[in-house]
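>>> Next one to model:
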Amino acid sequence: MEKVVIITGPSGAGKNTIADHILEVFPKLHYSVSATTRQPREGEKEGIDYYFISVEAFKEKIKKDEFIEWEEVYTDKYYGTLKSEVNRIWANNCSVLFVVDVVGAQDLKRHFQEKALSIFVMPPSLEVLKNRILGRGSEPMDSLEERLRRAKIEMKLADQFDTILVNDHLEEAYKTAEAILNDFLGQ
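Coordinates of the predicted model:
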């Protein structure tokens, strides 16, 4: 069955950590690799974490209608979901997992409608979120302030998604995510 799971929330909320866990638990769920124009972080790999492409190449793919959704999240920092990724996963009789920003998640939910389950990962507080982002050690201070400003706006949109998963205690968040996905995927 062609289903998609969308995980979203502010940067630093734990989206990728939770996604990594559920990918281990649900073998028929496969991660959709997004395209981005940002530079790779340490340890990120091409084609596994993202497809890292130039701004010019990204804009060319927009013109060719190769994206289901895309957004300029920060100045010249584009992110998008390639149609070819979803088709590749569905061709293998698997469901798709998206880990995307809030606007991308809204677009995906509108696109896939009843085929999609959208989960908003909520940090317990802005202070915890700030500490998580600082703990990465990969964000300059001006970027941190922009991410926190954006997080405040995104957190106000949480109720637009199918479910809100508060990531306060990671093991509890894992169990809750597993229960939600068991219901949706019928596993």
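>>> which regions of this structure sit below the pLDDT cut-off?
Regions of the chain meeting the criterion pLDDT under 70 cover residues 1, 136-142, 187.
>>> need the contact list for Cys129.
Actually, residue 129 is Leu rather than Cys. Counting by C-beta atoms under 8 Å, 6 or more residues apart in numbering, Leu129 makes contact with Pro10, Gly12, Ala13, Pro123, Leu148, Ala151. Using the backbone N, CA and C atoms, a C-beta is placed for each residue, glycine as well.
>>> quick one, what contacts the third one?
I take that to be Ala13. Under the criterion of C-beta under 8 Å, 6+ apart, the contact partners of Ala13 comprise Val121, Met122, Pro123, Leu129, Arg132, Ala151, Asn167.
>>> pretty sure it belongs to a helix, no?
No - inclusion of Ala13 in a helix is not indicated when DSSP: H, G, I helix; E, B strand; the rest coil is applied; the result is coil.
>>> Can you give me the separation between it and Lys3?
Counting by C-beta to C-beta, to the nearest Å, the separation of Ala13 from Lys3 is 23 Å.
>>> helix, strand or coil for Gly43?
For Gly43, the assignment made with three-state DSSP gives coil.
>>> Tell me how many other residues surround it.
6 (other C-beta atoms under 10 Å).
>>> How about the backbone phi and psi for it?
When quoted as degrees, to the nearest 10, the phi and psi of Gly43 stand at phi 90, psi -10.
>>> before we move on, what about the one 4 residues further on?
Torsion angles at Gly47 (phi, psi; degrees, to the nearest 10) stand at phi 80, psi -10.
>>> Helices of the protein, start to end?
Taking DSSP state H, the helices of the chain run over residues 15-25, 55-63, 83-91, 102-112, 126-136, 141-155, 170-185.
>>> If the residue nearest the centre of the chain is in a bridge, with which residues?
In the chain, the residue lying closest to the centroid (C-alpha atoms, centre = their mean) is Val99, at 1.8 Å. When bridges are assigned using DSSP bridges, the partners listed for Val99 are Ile7.
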